[in-house]
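# model the structure of this input:
(one chain, ligands or ions: 1)
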Amino acid sequence: MFKRIRIAILLFILVSVAIGTWQANKRVHAWKSTLYVTVYPINADGSQAAAKFIASLDASSFAPVEEYLEQQAHEHGITQPQPVRVSLGPVISYVPPPRPIRPSIFEVMRWSLSIRYWAWLRTPATGIRPDIRMYALFYDPAQTQVAPDSTGLAKAHIGLANLFATQSMQGSNLVVLTHEMLHALGATDHYDLGTGLPVFPDGYAAPNQSPLYPQAQAEIMAGRIPVSETQADIPPRLKDTLIGPLTAREIGWPR
Ligand SMILES: [Zn+2]
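I've put the predicted structure just below:
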């Protein structure tokens, strides 16, 4: 009898979670009302530089992301004003579990579950429940030259962006943050995982341009501006990127 009750409770929880995920997915991909994104800063290396930079952040720090997504959404047929609202959330003083290096599929699954659990446990409640939770992990650039890989989890609507704690890098920080945010919305990478080079044509901002090189902008999910067949540069600002047709379709934009 107890066993049956226990199974019934477990089934109820499973079905509730499945319905909740389905509803959240439907809302995120409908683009009928403003999506709320909250950015939670984290001092990733416990440095003074990261603490100082985090203290300097305010509501306007992520405004360029909001403006960029609004302008790009309108290019792709979304008519609603302010499709995304990005706000600064409280600082989190716990670092998420690190991503395994060269993981197996099983390790990736285990890590993705541990991130969800960490986010559930460590994210403080805010006035508006965000549709997308972005964790901005800041590193002192004097100690870390290459930040660890960032991640966006589409089903969980969670993004982890590894960023540099300096104003001079804030432009490329916002590119990384937006790239991961788009992963959290269902977009995939449009670069070659082996070479890191943008994939033609979907990873090119202007695939029909002649001559093809150098390109002036990056497709945001390709992450780099192709300057020749074998070379691609990191875009310094969001203005140096655009959202291409494939990324737009992947996140549910209509045109
Ligand atoms: Zn990516």
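# so what's His179 up against?
Going by CB atoms under 8 Å, 6 or more residues apart in numbering, His179 touches 150, 152, 220-221, 223. For every residue, glycine as well, the C-beta is placed using N, CA and C.
# and with 10 Å instead?
150, 152, 159, 161, 187, 189, 218, 220-223, 235, 241, 247 (CB atoms under 10 Å, 6 or more residues apart in numbering).
# swap in Gln209?
215-216.
# how about the helices in the stretch 151-255 of the chain?
For the stretch 151-255 of the chain, the helices defined by DSSP state H, counting those that start in this stretch cover 170-184, 245-250.
# just name the most buried of these.
Mean neighbour counts were taken over those using mean count of other CB atoms under 10 Å, and the top value, a mean of 22, falls to helix 170-184.
# now it: how far from the chain's centre is it?
6 Å (CA atoms, centre = their mean, to the nearest Å).
# so what's Thr126 up against?
36, 38, 40, 87, 89-90, 133.
# correct me, but Asp149 touches Arg99?
Yes. Using CB atoms under 10 Å, Asp149 makes contact with Arg99 at a distance of 6.4 Å.
# now the helices of the stretch 151-255 of the chain in a markdown table, please, with extra columns for mean pLDDT and distance to Leu212.
Converted to a markdown table, those look like this (pLDDT from 0 to 100; distance: least, CB to CB, whole Å):
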| stretch | mean pLDDT | distance to Leu212 |
| --- | --- | --- |
| helix 170-184 | 97 | 22 |
| helix 245-250 | 97 | 17 |
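# hang on, the earlier thing: joint contacts of Asp149 and Arg99?
Between them, Asp149 and Arg99 share the contacting residues 160, 162, judged by CB under 10 Å, 6+ apart.
# which one's more surrounded, the two?
Arg99 (17 against 9; other CB atoms under 10 Å).
# confirm that the more buried one sits in a strand.
No. Assessed with DSSP: H, G, I helix; E, B strand; the rest coil, Arg99 is coil; it does not lie in a strand.
# of the contacts of Thr126, which is the nearest to Val28?
Nearest to Val28 out of those is Tyr36 (CB to CB; 10.4 Å).
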